[in-house]
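**Q** sequence first, predicted model second:
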Amino acid sequence: MIITNATILTMNATDSVYEDSGLAIKNNIIVDIGSSEKIRQLHAGEDEIDAAGGIVMPGLINTHTHAAMVYFRGLADDLLLKPWLEDYIWPAERKFVNKKFISQALITACAEMIKSGTTLFNDMYFFEAEAAEVLAEVGIRGVLGEVLFDLPGPNTKTPQEGLDYTKQFIRKWKDHDLIYPAVAPHSPYACSAELLQESKSLADQYGAVFHIHVAETRSENEMIGEKVGSEIAYLDELGCLGSNVIACHAVWISNKDQEVLSERGAKIAHCPVSNMKLASGIAPVPDMIDRKILVGLGTDGASSNNSLNMFRTMDMTAKLHKLYKKDPAVLPARKILKMATIEGAKILGLEQELGSLETGKKADMIIIDTSQPHLIPLFDPMSLIYTAKRSDVNTVIVDGKILMQNRKLITIDENETIQNAIRYGHYIKEEIGN
């Protein structure tokens, strides 16, 4: 396959941008990048996608979500995190979440993510074995971790069951092309010290990501950090920080906490839309970046964000921190795009394969239709973070396979998926009403 007539945002080490260019894909690998004329000459006879002057860039990487929660979208809006979770979401999960729920909800989530340009997401939820089957069939990438609690959940009833399930999941899927197993304890407030330490040990044993919510709210940080000062200090005392750690949210962290995170090499998944909607606070992202902490972007689940749209997340991230810092130069468009692509790949430990368009890397990319009025003129293609909409994503390719072309999903029956979601929505509404 070749793609021609494009502006290519490589997101490589020098952020190279190539105009009137193209690239060639063999099997699932990018094998050549150059002028459209050169690509056509050297790769004559290959299937050609004409980008029609649009932008070709790496697929977006969502570093924190609960994808199957799309079926709870809008279930409990306009609440703080604690009542939102304890009074609405956790009871709904106990009542409705099962294997069928996960399988069908994941297809809806995958459809939404593909249509908005996401090609890889980091997921923490239930029945991840079922989720993996869906992703393998649909063709999208996922870092998947079964959520671990002290309390019984829809899938496992004890912490040990959760750890055993996670271990089996890792062993089954660790060599798959699209699935990357992770270890995902929910949070310090939902997991005992023993569970956190055993989870970290398991992640270290298998070289897996350790995916956890950290310091999302002030009250949570104060409660967990009562004896040692903060949630970060607590995790550090337990030996649960390190380079494989993705600390999600990290809103209420001090300068000292940031120094510890930097020293340990822990990474951050920033979820500004969810944090704003739940009024959790504003994570000190520019300060963390100044301390050489790697920060990626996440949507969180569609029940606390109402969307899995990474374009909205990019736009809001830039504007939120410019306003908060009262500095329009903070987090410029180029940096935001890196956070959503190559730096997201680094956070997940996949930067050697993904996150930028370079020869030898896997062919995960999107084509953006820039012929729309709201994208004309586009003096700097990086500024698409302020102007592009998810509906501008025309084509999505993952692992060298086309998942969407001309806005039509290839591996998902969109109409059937929508009808299933409507039916599940009616069912949930009726049951809650009863």
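**A** In hand now; what should we look at? Residues are numbered from 1 along each chain as shown.
**Q** can you tell me how far the closest residue to Ile412 other than its chain neighbours is from Gly117?
**A** Nearest residue to Ile412, sequence neighbours excluded (C-beta to C-beta, 6 or more residues apart in numbering): Ala111, at 5.0 Å. From N, CA and C alone the C-beta is placed, and that goes for glycine too. Using C-beta to C-beta, to the nearest Å, Ala111 is found at 13 Å from Gly117.
**Q** the closest residue in space to Arg312 that isn't next to it in sequence: neighbour count?
**A** Closest residue to Arg312 apart from its sequence neighbours, by C-beta to C-beta, 6+ apart: Val273 at 6.5 Å. Neighbourhood size, Val273 [other C-beta atoms under 10 Å]: 22.
**Q** element containing Val273?
**A** helix 272-277 (DSSP states H and E).
**Q** for Met124, same thing?
**A** strand 118-125.
**Q** what's the offset of that strand from the middle of its chain?
**A** 4 Å (C-alpha atoms, centre = their mean, to the nearest Å).
**Q** quick one: mean pLDDT over that strand.
**A** Averaging pLDDT along strand 118-125 yields 98.
**Q** who does that strand pair up with?
**A** Strand 118-125 has its sheet partners listed here by DSSP bridges as strand 60-65 (parallel), strand 141-148 (parallel).
**Q** what's the angle from the following helix or strand past it to strand 141-148?
**A** The helix or strand immediately downstream of strand 118-125 is helix 128-138, counting by DSSP H and E. Inter-element angle recorded for helix 128-138 and strand 141-148: 170 degrees (by axes from the mean of the first three to the mean of the last three C-alpha atoms, to 10 degrees).
**Q** residues making contact with helix 128-138?
**A** If you take C-beta atoms under 8 Å, 6 or more residues apart in numbering as the criterion, helix 128-138 is touched by 67-68, 99, 102-103, 106-107, 110, 114, 123, 125, 141-142, 144-146, 165, 169, 172-173, 176, 178-179, 181, 403, 411-412.
**Q** same check, this time on stretch 146-157
**A** So stretch 146-157 is in contact with 93-94, 97-98, 124-128, 158-159, 162-163, 165-166, 169, 183-186, 190-192, 195, 199, going by C-beta under 8 Å, 6+ apart.
**Q** sorry, back to before: can I get the strands paired with strand 118-125 in TSV including mean pLDDT, mean neighbour count and distance to Ala208?
**A** Shown next, in TSV, are those (pLDDT from 0 to 100; neighbours: other C-beta atoms under 10 Å; distance: least, C-beta to C-beta, whole Å):
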stretch	mean pLDDT	mean neighbour count	distance to Ala208
strand 60-65	98	30	15
strand 141-148	98	27	8
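**Q** among those, which comes closest to Leu308?
**A** strand 60-65 (6.4 Å; C-beta to C-beta).
**Q** got the buried residues for whichever helix or strand comes after the closest one?
**A** Next helix or strand after strand 60-65 toward the C-terminus (DSSP H and E): helix 81-83. Judged by neighbour count (16 or more other C-beta atoms under 10 Å), helix 81-83 contains these buried residues: Leu81.
**Q** same question, stretch 329-336
**A** Neighbour-count burial for stretch 329-336 flags 330-331, 333, 335-336 (criterion: 16+ other C-beta under 10 Å).
**Q** over to stretch 368-384?
**A** Of all the residues in stretch 368-384, those buried under the rule 16+ other C-beta under 10 Å are 368-370, 375, 378, 381-382, 384.
**Q** likewise stretch 258-269?
**A** Quick answer for stretch 258-269 (16+ other C-beta under 10 Å): 258, 260-261, 264, 266-269.
**Q** ends of that stretch, how far apart?
**A** End-to-end distance for stretch 258-269, by C-alpha to C-alpha, to the nearest Å: 14 Å.
**Q** element containing Met223, please.
**A** Going by DSSP H and E, Met223 is part of helix 218-224.
**Q** what is the burial count for Ala132?
**A** 22.
**Q** let me fix that, I meant to ask about Ile114.
**A** Ile114: 25 neighbours (other C-beta under 10 Å).
**Q** sorry, back to before: pick out the most distant pair among the buried residues of stretch 329-336.
**A** Among the buried residues of stretch 329-336, Val330 and Ala333 lie farthest apart (C-beta to C-beta), at 11.6 Å.
**Q** circling back to that earlier point, tell me who's in contact with the residue nearest to Arg312.
**A** Contacts of Val273 by C-beta under 8 Å, 6+ apart are 299-300, 305, 307, 312-313, 316.
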